[in-house]
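K.L.:
With the sequence up front, the predicted model follows.
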Number of protein chains: 2
Amino acid sequence: MRATDVIAKKRDGEELSTAEIEWFVTGFTEGEIPDYQAAAWLMAIYLRGMSRRETFDLTRAMAASGDQLNLSDMLGYTVDKHSTGGVGDKVSLVVLPLVAAAGVPVAKMSGRGLGFSGGTLDKLESIPGLCVDLSESQFVQQVLHYGIVLTGQTRSLAPADGVLYALRDVTATVSSLPLIASSIMSKKLASGANGIVLDVKVGMGAFMKRVEEARALAQIMVDIGADAGRDMVALLSNMNQPLGDAVGNALELREAIHALQGKGPEDLREHCLAVGGHMLRLGREDTSEYALSEAMAELSEMMDNGAGLAKFREMVAAQGGDVAYVDDPDRLPRARVRDEIPVPRAGYVAQVNAMLVAQACLELGAGRARKGEPIDPAVGVLVHHKVGEHVTEYDTMFTVYANDERQLVRARELLEQAPVYRDRKQQPLPTFYDTIYSR
Amino acid sequence: MRATDVIAKKRDGEELSTAEIEWFVTGFTEGEIPDYQAAAWLMAIYLRGMSRRETFDLTRAMAASGDQLNLSDMLGYTVDKHSTGGVGDKVSLVVLPLVAAAGVPVAKMSGRGLGFSGGTLDKLESIPGLCVDLSESQFVQQVLHYGIVLTGQTRSLAPADGVLYALRDVTATVSSLPLIASSIMSKKLASGANGIVLDVKVGMGAFMKRVEEARALAQIMVDIGADAGRDMVALLSNMNQPLGDAVGNALELREAIHALQGKGPEDLREHCLAVGGHMLRLGREDTSEYALSEAMAELSEMMDNGAGLAKFREMVAAQGGDVAYVDDPDRLPRARVRDEIPVPRAGYVAQVNAMLVAQACLELGAGRARKGEPIDPAVGVLVHHKVGEHVTEYDTMFTVYANDERQLVRARELLEQAPVYRDRKQQPLPTFYDTIYSR
């Protein structure tokens, strides 16, 4: 096989064979195909697209480029979730303990924040001592023993995705649906869960700005999973305003703990019960009929009776974290300077631009522009009102936690532009737009 | 400016600005933009195309990447020609001396053969001692003194084309009309001629297989030249059967000398008079009205009276070549083994597949598969009959000159498949399909 022939075939809009896709992915990952040929190939894929079969073959080749976990033999049916990234998204921290507490094992490899999108690992690391760099055997041991593990992605998981993503990032080939879908799903397939719930975010604070675009991406990922024999559910969820009230690492962890105590914001609770409900239903349906509503009721009860929180505490302890911070989340780091941004006029909240809130948090040091940069866990923003609520000039819209006065000034400028107020009554935003199932 | 933004703009089908194109070409040529970004950019251009303005800007940026000759101050109006490459194409060797003899200076940088397509430099080098590696100042001095120079392209001429072409070759982005046109025209613009005649070959023995494809390429090149203030003529010429009778370096040079003696094959004479006639007309029209028919008659006379041959002899001597080989072309190298391929049956010649003849010559060692490989000047094929001629089993179709028996066997196999004979009368092939003018 010659790389130029495979590039030319895709360039001319033809369908690549399974063998051609495997050969190209393996060759590039092993350094035999140079990056300039892979770059031309990726641009051809970007512009010509890929069929369902090609997209599945690409995903499978990427998943097969490293270790592939198979937990079923030891654990039976396991479930996993993935969010495409949003603002204030601490859902994993809430739903994984709940689902594990309900008896369905969850073994998740998670990511770090980049740009506007936060990362579960960064939030979890606000707890002193907690380790998110587990080896593969520690990962397996922990889920066997506790039914829950949440760690960083190992280097040996889908290494082809790592090298292809790095190349896409510098060749303007990121925003292609088959390439995005295969990147996400290659890691999900390699980490071995039987049931996967995808939380595909749509709106101002998400990569996908329009519902139809998100639906197309979700359908491709559901198809990939189905073709690989996994049970798939994809939720299209609203990311125009931040999810929950807190944005910023320790602030979000604190809110997640509140949610596990049954005291979290209403939209976060609804969101977590839906995502967790689908995970639990997939795990339970493996053995018998089980309705989503039952699953959600079961998880709701575990929020209120503290079973989820206990499971979270178990996980933190297992991974070396100091559980004193779980027991008293007010001990979590909080920045030196606290500032409030008032509501300027009475009216109804018509918009709280999630992207501007995220950018304000980036200015404060809560996120990173490039991989590997340090973050400040203590800074962030609390959002006190949601779209649809009535507010007056006596209310506070945002509380800002900052460690630097100049950062605070820049964050304030962004936050002041984030809300829109109207005289007329405004509808609250929906939590979900749609759900896509593989079966 | 960021490379990813420029790539993304072209990827999305937008028109790049002059500044963006110049920045990208300069950045890549100087090694500041890595090859993987250039590869993605080239694939985006391949699939999205370029407007007339973009194509001109790309060509101008490539031409401006190195030295740009301006011969007008010293010489007044100069003319140049370019062939897109064919089989048996020795037209430059004939027309440049004729046009120079008619008083219009010709200063041409030429190329070497690659694949099926021969190169003028390789043919000219069949003359012992002849130098085709002139420096820029030697180049200028010679055209000033003799009105004619034919040398290799200097490294400092459009270096951007060299690096971009090398990348296109390994990323399946060669066959894009704006990229082909800008590659050819960047060198033509940089070498400074005022009038340029393009000989765009179409058919089995050319890069362009279909007339409409060749017409599109010709129009783009004519537009580029016109936008750069050059006078342009493009001829669409037939390359289904070899041009003239000889294919192979010394054999072609010998045939070119015969043509300059007024004794060349008829199709070659017609082809050279048309190409040269357009060059001469452009050169003369600079000062007064001058018809193509007049120009062709003038050149025809200079074929018959030996004025063109004398100019060729002058050029060979100026470049250090042994003129004894011009005076007696039978002294040129000829291979050891001579073999004949007979016509198998009586009938009319319906086809002489130029590509198969070229491949036979490659087998004999007349050409090279990769840049830099040595060639054998002494081998080649003589084609004794043209499409439309009536032949019998007593005629010879090809004479083969070989230096190796095994090479001869492989060449014979190819040559036996090249002709098609029919019982019914066959029309001769036209020499030209069309002519495109910039004014």
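P.N.:
Sure thing, it's come through.
K.L.:
Hmm, A:R410 and A:A402 touching each other?
P.N.:
No. Using Cβ atoms under 8 Å, A:A402 makes no contact with A:R410, being 9.8 Å away. C-beta: built from backbone N, CA, C; applies to glycine.
K.L.:
Neighbour count: the two, which is higher?
P.N.:
Shown here are A:A402 and A:R410; by other Cβ atoms under 10 Å in any protein chain shown, A:A402 has more neighbours (27 against 16).
K.L.:
residue boundaries of the strands in chain A?
P.N.:
In chain A, the strands defined using DSSP state E lie at A:79-83, A:106-110, A:148-152, A:195-202, A:231-238, A:246-247, A:337-342, A:347-352, A:380-383, A:390-391, A:396-402, A:419-422, A:432-437.
K.L.:
average pLDDT for the fifth one?
P.N.:
Predicted confidence along strand A:231-238 averages 97 (mean pLDDT).
K.L.:
Kindly spell out which helices and strands sit in contact with it.
P.N.:
strand A:195-202, helix A:211-227, helix A:266-285, strand A:432-437 (3 or more Cβ pairs under 8 Å, 6 or more residues apart in numbering or on different chains; DSSP states H and E).
K.L.:
Could you say which of these is packed most deeply?
P.N.:
strand A:195-202 (a mean of 27; mean count of other Cβ atoms under 10 Å in any protein chain shown).
K.L.:
quick check: angle from it to strand A:79-83?
P.N.:
Strand A:195-202 runs at 10 degrees relative to strand A:79-83, counting by axes from the mean of the first three to the mean of the last three Cα atoms, to 10 degrees.
K.L.:
Give me the contacts around stretch A:131-139.
P.N.:
A:67, A:69, A:107, A:109-110, A:121, A:124-125, A:142, A:149-152, A:154, A:156, A:319-321 (Cβ atoms under 8 Å, 6 or more residues apart in numbering or on different chains).
K.L.:
what residues does chain A put near chain B?
P.N.:
Residues of chain A found near chain B (Cβ under 8 Å from any Cβ of the partner chain) are A:3-5, A:7-8, A:11, A:34-40, A:42-44, A:46-48, A:167, A:170-173.
K.L.:
could you redo the last one with a cut-off of 6 Å?
P.N.:
In this structure, chain A approaches chain B at residues A:4, A:7-8, A:11, A:35-37, A:39-40, A:43-44, A:47, A:171-172, judged by Cβ under 6 Å from any Cβ of the partner chain.
K.L.:
Need these in TSV (columns: pLDDT and neighbour count).
P.N.:
What follows is these, written out as TSV (pLDDT from 0 to 100; neighbours: other Cβ atoms under 10 Å in any protein chain shown):
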residue	pLDDT	neighbour count
A:T4	96	17
A:I7	98	28
A:A8	97	20
A:R11	98	24
A:D35	96	21
A:Y36	97	22
A:Q37	98	24
A:A39	98	29
A:A40	98	32
A:M43	98	32
A:A44	98	28
A:L47	98	20
A:T171	96	30
A:A172	96	27
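K.L.:
Next, check those against the helices and list the overlap.
P.N.:
A:4, A:7-8, A:11, A:35-37, A:39-40, A:43-44, A:47 (DSSP state H).
K.L.:
all helices in the stretch 1-150 of chain A, in order from the N-terminus.
P.N.:
A:3-11, A:18-29, A:35-48, A:52-63, A:72-75, A:91-101, A:120-124, A:136-146 (DSSP state H, counting those that start in this stretch).
K.L.:
If you count neighbours, what's buried in the shortest one?
P.N.:
For helix A:72-75, burial by neighbour count (16 or more other Cβ atoms under 10 Å in any protein chain shown) applies to A:L75.
K.L.:
Output the contacting helices and strands for it.
P.N.:
Applying 3 or more Cβ pairs under 6 Å, 6 or more residues apart in numbering or on different chains; DSSP states H and E, we find helix A:72-75 packed against no helix or strand.
K.L.:
Quick one: mean pLDDT for it?
P.N.:
Averaging pLDDT along helix A:72-75 gives 86.
K.L.:
hang on, the earlier thing: would you list the helices and strands packed on strand A:231-238 in JSON lines and tack on distance to A:Y394?
P.N.:
Below are the helices and strands packed on strand A:231-238 laid out as JSON lines (distance: least, Cβ to Cβ, whole Å):
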{"stretch": "strand A:195-202", "distance to A:Y394": "33"}
{"stretch": "helix A:211-227", "distance to A:Y394": "36"}
{"stretch": "helix A:266-285", "distance to A:Y394": "22"}
{"stretch": "strand A:432-437", "distance to A:Y394": "33"}
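K.L.:
closest one to A:D376 among those?
P.N.:
Of all those, it is helix A:266-285 that lies closest to A:D376, at 22.9 Å by Cβ to Cβ.
K.L.:
Pull the distance from that closest one to the chain's centre.
P.N.:
Mean-position distance between helix A:266-285 and its chain equals 15 Å (Cα atoms, centre = their mean, to the nearest Å).
K.L.:
Stretch A:314-324 now?
P.N.:
The chain centroid and the centroid of stretch A:314-324 are separated by 22 Å, computed with Cα atoms, centre = their mean.
K.L.:
I would like the residues contacting the lowest-mean-pLDDT helix or strand in chain A, please.
P.N.:
The helix or strand of chain A with the poorest confidence is helix A:72-75; it has a mean of 86 (mean pLDDT, DSSP states H and E). The contact list for helix A:72-75 (Cβ atoms under 6 Å, 6 or more residues apart in numbering or on different chains) reads A:105, A:144.
K.L.:
Could you rerun that using 8 Å?
P.N.:
By Cβ under 8 Å, 6+ apart, helix A:72-75 touches A:78, A:105, A:107, A:140, A:143-144, A:192, A:194.
K.L.:
which of those has the most neighbours?
P.N.:
A:T78 (27 neighbours).
K.L.:
contacting residues around it?
P.N.:
A:71-72, A:104-107, A:143, A:192-195, A:283.
K.L.:
Closest to chain B out of the residues you listed?
P.N.:
Proximity of the contacts of A:T78 to chain B (Cβ to the nearest Cβ) peaks at A:G192, which lies at 32.4 Å.
K.L.:
Leaving out sequence neighbours, find the closest residue to that closest one.
P.N.:
The shortest distance from A:G192 to any non-neighbouring residue, by Cβ to Cβ, 6 or more residues apart in numbering or on different chains, is to A:L69 (3.7 Å).
K.L.:
Run a quick neighbour tally on that neighbour.
P.N.:
Count around A:L69 with other Cβ under 10 Å applied: 19.
K.L.:
same check, this time on A:D12
P.N.:
Counted with other Cβ under 10 Å, A:D12 comes out at 12.
K.L.:
What of A:G111?
P.N.:
Neighbours of A:G111 (other Cβ under 10 Å): 17.
K.L.:
Quick check, A:R11 in contact with B:A44.
P.N.:
No. With contact defined as Cβ under 8 Å, A:R11 does not count as touching B:A44 (10.9 Å).
K.L.:
got the CA coordinates for stretch A:409-421 in CSV?
P.N.:
Extracted C-alpha coordinates of stretch A:409-421, given in CSV (Å, rounded to 0.1, in the frame of the first residue of the first chain):
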residue,chain,number,x,y,z
VAL,A,409,-10.7,43.6,36.5
ARG,A,410,-10.6,41.6,33.2
ALA,A,411,-13.0,39.0,34.5
ARG,A,412,-15.5,41.6,35.6
GLU,A,413,-15.4,43.2,32.2
LEU,A,414,-16.4,39.9,30.6
LEU,A,415,-19.0,39.0,33.3
GLU,A,416,-20.7,42.3,32.9
GLN,A,417,-21.5,41.5,29.3
ALA,A,418,-22.7,37.9,30.0
PRO,A,419,-26.2,38.5,31.2
VAL,A,420,-29.1,40.1,29.2
TYR,A,421,-32.1,41.4,31.0
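K.L.:
Pull the contacting residues for A:M279.
P.N.:
A:79, A:81, A:95, A:99, A:104, A:106, A:195, A:197.
K.L.:
hmm, which of these are the buried ones?
P.N.:
Buried, going by 16+ other Cβ under 10 Å: A:79, A:81, A:95, A:99, A:104, A:106, A:195, A:197, out of those.
K.L.:
Which residues does the most centrally placed residue in chain A form beta bridges with?
P.N.:
The centre of chain A sits closest to A:S83, judged by Cα atoms, centre = their mean, with a distance of 2.9 Å. On the basis of DSSP bridges, A:S83 is bridged to A:D199.
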